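Undergrad: Sequence and predicted structure, then a few things I'm wondering about:
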Amino acid sequence: MSRSPAPTLTGVERTFHAGEVIVTKTDLKGRITYANDIFQRASAVTERQALGQPHNFIRHPDMPRSVFKLMWDTISAGQELFAYVVNRAMNGDHYWVYAHVTPSFNDAGEIIGYHSNRREPDRQILERDIIPFYAQLRDVETAAASPKQALAAGSEAIAACLAKHNVEYDEFICTLGQGQRRDYR
């Protein structure tokens with residue numbers, strides 16, 4: 001699939017069933033090497049269209065880039081990451097996921113790619129915590145003078161939030177469902 005202009009956003013949210021798991025695998029550069037049928041359905045693509053594409057071809061413009069930077073920094077260091085992500089389907093719809101992204105290793109312990117399982121997110125956590133937090137991050141990123149400064153400012157905002165709550169990112173994400181309302185400002 002050649003890179004075509006991003007589809008116009010429809011504002012329509014796609015969903016998938018609670019028992020379904022979206023699975024993709026990528027190479028070291030983030031190009032898709034495997035995409036299960038649930039990913040294809042959620043993203044409105046065929047397997048042929050998905051394979052070889054950079055995974056960010058489904059990036060939704062409302063998704064803060066600083067969260068993706070955190071993800072890449074974490075998984076390229078050999079660690080796993082959990083994150084809430086909003087993606088854009090090829091028809092302009094969107095869908096939210098709770099992602100678990102891990103590096104894949106060869107027998108020598110070298111990273112050879114990445115694997116992501118995505119499940120249906122908790123709607124209450126999205127509404128109460130993630131959507132407001134991501135809106136704040138986007139505001140910070142948008143106010144910056146350049147893309148590089150935007151990424152740095154968003155990353156600093158994430159770090160400040162974690163410091164304020166005295167938690168690491170994984171603990172922050174994993175404790176959201178425990179009913180604690182977070183103050184992100």
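TA: That came through, no problem. Residues are numbered from 1 along each chain as shown.
Undergrad: quick check: domain ranges of the chain?
TA: Following automatic domain parsing, one gets these domains for the chain: 22-121, 124-178.
Undergrad: Would you mind finding the most buried of these?
TA: domain 22-121 (a mean of 17; mean count of other C-beta atoms under 10 Å). For every residue, glycine as well, the C-beta is placed using N, CA and C.
Undergrad: now stretch 134-145: mean pLDDT?
TA: Mean pLDDT, computed over stretch 134-145, is 95.
Undergrad: same check, this time on stretch 14-29
TA: Rounded mean pLDDT across stretch 14-29 is 94.
Undergrad: so how far is stretch 35-45 from its chain's centroid?
TA: 16 Å (C-alpha atoms, centre = their mean, to the nearest Å).
Undergrad: How about the contacts made by Thr10?
TA: 91-94 (C-beta atoms under 8 Å, 6 or more residues apart in numbering).
Undergrad: I'd like the next helix or strand past the helix or strand containing His100.
TA: Take DSSP states H and E as the rule and His100 turns out to sit in strand 94-105. As assigned by DSSP H and E, the chain's next helix or strand after strand 94-105 is strand 111-119.
Undergrad: tell me the angle of that following strand relative to strand 94-105?
TA: 150 degrees (axes from the mean of the first three to the mean of the last three C-alpha atoms, to 10 degrees).
Undergrad: which residues make contact with strand 111-119 from outside it?
TA: So strand 111-119 is contacted by 18, 20-28, 30, 33, 39, 75-76, 78, 85, 97-106 (C-beta under 8 Å, 6+ apart).
Undergrad: same thing but at 7 Å, please
TA: 21-28, 33, 75, 78, 97-106 (C-beta atoms under 7 Å, 6 or more residues apart in numbering).
Undergrad: ok so, going back, could you redo the contacts of Thr10 as CSV and give each row distance to Leu176?
TA: Formatted as CSV, these follow (distance: C-beta to C-beta, whole Å):
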residue, distance to Leu176
Asn91, 30
Gly92, 28
Asp93, 25
His94, 20
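Undergrad: before we move on, the earlier item: quick check: mean pLDDT across the strand holding His100?
TA: According to the model, strand 94-105 has a mean pLDDT of 97.
Undergrad: Show me the helices in the chain, by range?
TA: With helices called from DSSP state H, the chain shows them at 37-43, 47-50, 65-76, 123-125, 131-143, 147-165, 169-174.
Undergrad: Pick out the shakiest of those helices, pLDDT-wise.
TA: helix 169-174 (a mean of 86).
Undergrad: which residues does the residue sitting nearest the centre point of the chain contact?
TA: Centroid-nearest residue in the chain: Val85, 3.6 Å away (criterion: C-alpha atoms, centre = their mean). Contact analysis of Val85 by C-beta under 7 Å, 6+ apart lists 63, 97, 99.
Undergrad: can you put the domains of the chain in a markdown table and add distance to Leu9?
TA: Shown next, in a markdown table, are the domains of the chain (distance: least, C-beta to C-beta, whole Å):
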| stretch | distance to Leu9 |
| --- | --- |
| domain 22-121 | 5 |
| domain 124-178 | 14 |
